[in-house]
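Asker: next input, structure requested:
(chains A and B)
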Amino acid sequence: MTIKHHLNEPLLMAYSAGTLPEGFSLVAATHISMCDECRARLASYDAMGGSMLERCEPAGIGDSALAATLALIDGMGSELGQAPGHPVVGAVLPEPLRTYVGGGVDAIRWRSVGGGVKQALLDTAGPATARLFRIPAGASVPDHGHRGIELTLVLRGAFRDETDRFGRGDVEIADEHMEHTPVAEAGEDCICLAATDAPLRFNALLPRLAQRFLRI
Amino acid sequence: MFEGVSIVEVSGAAAPRNLYAAPNAVSKPVPETRNVTAPADTADARWAECMKAVHRDRDRDAFAQLFRHFAPRVKAFLMKSGTDASLAEECAQDVMATVWRKAHLYDPSRASVATWIFTVARNRRIDAVRKMRRPEPEDLAWGPEAEPDPADVVAMQEESTRLAAALAVLPEKQRALIEKAYFGELSHSEIAAATGLPLGTIKSRIRLALDRLRHAMQRVDE
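Answerer: Numbering: from 1, shown residues only, chains lettered A, B, ... in the order given. Purely as a prediction, here's the structure:
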């Protein structure tokens, strides 16, 4: 798999710092599960965070805190020997997305949003919302713009819009200046994960009305 | 937003912070301690030895050394992020307890001890302060041979030292911007301005390690 469209530096840095809203973090983490390049870049931002921690002027903390922590340790079990769960190699939905969905593609509870397009809202806290889209092969998502930032990560199939082609693992970063009409490639339905921090802005009347009911 | 904190506030309020201000001497590790052999060129190498002793021997002296150095910094880090002192101290204790509990997951060829503890503290902050989940990427299966290549470990420690040095000589304005990104909320455009950081060599080193790992895993699969 060759990934062409990656997370940008601000997103990676904010994900490393832990300041992204959960929906954006979900897109970032899922992309990194598929992308060694961004995994390495994230590790370097984490190293920056380590240096920041090291540079902190130590705050006062007493030896009683050490005793309290040792007591905390005595009260809990060890995780020794517990290896992290084995990733499902090549699954359409990598972790951490699987956890949010509660399984693989079969576990997604799709709801129709018209035009053959289906969506499934995911449960995330904070100002961004995350959802899965399923666009039938050859079909398009209604022409829309963005009030905030929209991240779209392709999980299966591919789509094209005015800017480029996006295949599995690619993430498109769209901001408020972007108006686009993504079209799924022929041959296979396109499944993608999308997160937005503000409602989309549809250009046609009907989707605009539907938006209110569908929480897009 | 900070429900569940009141108990700590009661016990913490009695003690003025200055009373516990850690003198610098305490935060320096004692090089020769039981079970901790320190062939260290860098401070991080010493901390890595402590982590090993905590993992392998459940060594409380080694843990105490880590605690005295890192707990005050984790507390400071959380306070800079806007957490009040008592919650920050409570979280710092949680973070250090997690360090004890998950010591077996620390790999010195992938990150410095400070970096690893930073990620634990960051996750605690998201959980306790921001009240969100932290979706994490799939961890790569690093195989049963838990011992990392010593050359990789040394290289990572050297890169970490180099990064710290590069940060120290950064123009104040740029460093302040990076600190803001890590300690608080920063808009996308502000973060964009903060990039162009000296991260290239660490990135390529990790990239190299990942490539080697993939290669090794492929051989296992065949």
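Asker: state the mean pLDDT of the helix or strand in which B:V120 is found.
Answerer: For B:V120, the host element (DSSP states H and E) is helix B:113-128. Here helix B:113-128 scores 93 as its mean pLDDT.
Asker: show me what that helix is packed up against.
Answerer: helix A:36-55, helix B:43-57, helix B:60-80, helix B:85-101 (3 or more CB pairs under 8 Å, 6 or more residues apart in numbering or on different chains; DSSP states H and E). (Each C-beta comes from the backbone N, C-alpha and C, glycine too.)
Asker: give the buried residues for the third one.
Answerer: Just to be clear, that refers to helix B:60-80. Going by neighbour count (16 or more other CB atoms under 10 Å in any protein chain shown), the buried part of helix B:60-80 is B:60, B:62-80.
Asker: try the second one
Answerer: Buried residues in helix B:43-57, counted by 16+ other CB under 10 Å: B:43-55.
Asker: ok, and what's touching the helix or strand hosting A:R134?
Answerer: Element membership for A:R134 (DSSP H and E) is strand A:129-135. If you take CB atoms under 8 Å, 6 or more residues apart in numbering or on different chains as the criterion, strand A:129-135 is touched by A:22-23, A:26-27, A:100-101, A:108, A:110, A:116-122, A:124, A:141, A:152, A:155, A:157, A:159, A:182, A:184, A:189-196, A:215-216.
Asker: could you list which of those belong to helices?
Answerer: A:E22, A:G23, A:L26, A:V27, A:Y100, A:V101 (DSSP state H).
Asker: which one of those residues is nearest B:Q93?
Answerer: A:E22 (25.3 Å; CB to CB).
Asker: for the residue lying closest to A:T99 once chain neighbours are set aside, helix, strand, or coil?
Answerer: Once flanking residues are discounted, A:T99 sits nearest to B:P135: 7.7 Å by CB to CB, 6 or more residues apart in numbering or on different chains. Under DSSP: H, G, I helix; E, B strand; the rest coil, the three-state class of B:P135 is coil.
Asker: give the contact list for B:P135.
Answerer: Taking CB under 8 Å, 6+ apart as the definition, contacts of B:P135 comprise A:E22, A:S25, A:L26, A:A28, A:A29, A:T30, A:P96, A:L97, A:T99, A:Y100.
Asker: and if you look at A:V171?
Answerer: A:H5, A:H6, A:L7, A:V27, A:H31, A:L151, A:T152, A:L153, A:V154.
Asker: returning to that earlier point: and the contacts of strand A:129-135, which of them are buried?
Answerer: A:22-23, A:26-27, A:100-101, A:108, A:117-120, A:122, A:124, A:141, A:152, A:155, A:157, A:159, A:182, A:184, A:189-196, A:216.
Asker: which of those residues are close to chain B?
Answerer: Among the buried ones among the contacts of strand A:129-135, proximity to chain B is found for A:E22, A:L26, A:Y100, A:T124 (CB under 8 Å from any CB of the partner chain).
Asker: I figured the first one hits A:G126, correct?
Answerer: Just to be clear, that refers to A:E22. Yes - the pair A:E22 / A:G126 is scored as a contact, 4.9 Å apart, by CB atoms under 8 Å.
Asker: could you find the closest non-adjacent residue to A:G148?
Answerer: Counting by CB to CB, 6+ apart, the residue nearest A:G148 is A:A198, at 3.3 Å.
Asker: and that neighbour, that one's in a helix?
Answerer: No - with three-state DSSP as the criterion, A:A198 is coil rather than part of a helix.
Asker: do you know the pLDDT at it?
Answerer: 71.
Asker: what is the neighbour count of A:G75?
Answerer: By other CB atoms under 10 Å in any protein chain shown, 8 other residues sit near A:G75.
Asker: what's the answer for B:P150, then?
Answerer: 10.
Asker: give me the distance between it and A:I3.
Answerer: Distance from B:P150 to A:I3, counting by CB to CB, to the nearest Å: 32 Å.
Asker: I figured A:V113 hits A:Q119, correct?
Answerer: Yes - using CB under 8 Å, A:V113 is in contact with A:Q119, at 5.2 Å.
Asker: before we move on, back to that, next helix or strand past the helix holding B:V120?
Answerer: helix B:150-168.
Asker: which residue is the nearest non-sequential neighbour of the most centrally placed residue in chain A?
Answerer: Nearest residue to the geometric centre of chain A (CA atoms, centre = their mean): A:V27, 1.0 Å. In this structure, A:V27 finds its nearest non-sequential neighbour in A:L151, 4.4 Å apart by CB to CB, 6+ apart.
Asker: point out the ones among the buried ones among the contacts of strand A:129-135 that are inside strands.
Answerer: A:118-120, A:122, A:152, A:155, A:159, A:184, A:190-196 (DSSP state E).
Asker: quick one: low-confidence ranges for the chain?
Answerer: I'll assume chain A. Within chain A, the segments meeting pLDDT under 70 span A:1, A:77-90, A:142-146, A:199-216.
Asker: other chain: chain B
Answerer: Those would be B:1-41, B:141-146, B:185-222, if you go by pLDDT under 70 across chain B.
Asker: do that again at 90, thanks
Answerer: B:1-45, B:80-83, B:104-105, B:107, B:109-110, B:126-134, B:138-222 (pLDDT under 90).
Asker: how about B:T42, what does it touch?
Answerer: Applying CB under 8 Å, 6+ apart, the residues contacting B:T42 are B:Q157, B:E158, B:S160, B:T161.
Asker: any chance of a markdown table for those residues, columns distance to chain A and neighbour count?
Answerer: A markdown table is the format used below for those (distance: CB to the nearest CB, whole Å; neighbours: other CB atoms under 10 Å in any protein chain shown):
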| residue | distance to chain A | neighbour count |
| --- | --- | --- |
| B:Q157 | 11 | 23 |
| B:E158 | 12 | 16 |
| B:S160 | 6 | 24 |
| B:T161 | 10 | 17 |
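Asker: ok, of the residues you listed, which one's closest to A:S51?
Answerer: B:S160 (7.4 Å).
Asker: my guess is the closest one contacts A:A47. True?
Answerer: Yes - counting by CB under 8 Å, A:A47 is a contact partner of B:S160 at 6.3 Å.
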